[in-house]
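Enquirer: let's see this in three dimensions:
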Amino acid sequence: MTRIANPELFKERILIHLRMDTDVNHPKVSRQLQALWDISDLTVRQAVGLLRDDGEPIASGPRGFYYATSPEQLDATVDDLEKRIAVISRRRHSLISAQNKMREIAGGQRLLFTNVNR
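Expert: Residues are numbered from 1 along each chain as shown. Presented below is the predicted three-dimensional model:
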C-alpha cells in the first residue's frame with residue numbers, strides 16, 4: 001500500500017536519486033520514484049517542490065523529473081510554472097468576483113439556487 005509521507009523525509013533521497021540516475025534524456029516519472037520508497041505521488045511532488053524551493057534545478061516534463069545541468073533545461077519547467085500561475089490567478093479572480101456578488105445579494109449563494117427546481 002502506497003503511503004502519504006512527510007515529504008521532508010524523502011527530499012534528500014529523491015535529490016540524490018535524481019542527481020545520480022537521471023538526465024534530460026533519461027527522466028524518471030513519479031511512479032518510478034514512488035516505487036523506490038513506497039510513497040504516494042503527492043509525497044513525490046511535494047518533495048520535488050521543496051527541493052525547488054531550496055534552489056535545486058529539478059526539471060520536469062511529460063516524460064518525468066530530472067536533475068537539470070544547464071539553464072536551458074529548465075526553460076520548459078519555468079514556462080509550465082508560469083502557465084499554472086496564470087490559470088490559478090484567473091481562477092482566484094473569478095472566485096473573488098463570485099464572492100463579491102454573493103456579498104451584494106442578501107442571503108448569499110442560497111439565492112443562486114432558488115430557481116433550480118422550478
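Enquirer: helices of the chain, residue ranges please.
Expert: For the chain, helices defined by DSSP state H occupy the ranges 7-21, 30-37, 41-53, 75-104.
Enquirer: which strands or helices does the longest one pack on?
Expert: Put plainly, it is helix 75-104. Helix 75-104 sits against strand 58-61, with contacts defined as 3 or more CB pairs under 8 Å, 6 or more residues apart in numbering; DSSP states H and E. (Glycine included, C-beta is placed from N, CA and C.)
Enquirer: the strand it packs on pairs with which strands, and in what direction?
Expert: Within its sheet, strand 58-61 is paired with strand 64-67 (antiparallel), according to DSSP bridges.
Enquirer: please save the CA atoms from the partner strand in CSV.
Expert: Taking C-alpha atoms only, strand 64-67 is exported to CSV below (Å, rounded to 0.1, in the frame of the first residue of the first chain):
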residue,chain,number,x,y,z
GLY,A,64,9.2,12.9,-15.8
PHE,A,65,11.6,14.6,-13.5
TYR,A,66,15.4,15.0,-13.9
TYR,A,67,18.3,17.0,-12.5
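Enquirer: list the contacts of it.
Expert: 15, 18-19, 22-24, 26-30, 32-33, 48, 56-60, 73 (CB atoms under 8 Å, 6 or more residues apart in numbering).
Enquirer: same check, this time on stretch 35-47
Expert: 1-8, 10-11, 13-14, 17, 30-31, 33-34.
Enquirer: okay, how far is it across it, tip to tip?
Expert: Stretch 35-47 has an end-to-end distance of 15 Å (CA to CA, to the nearest Å).
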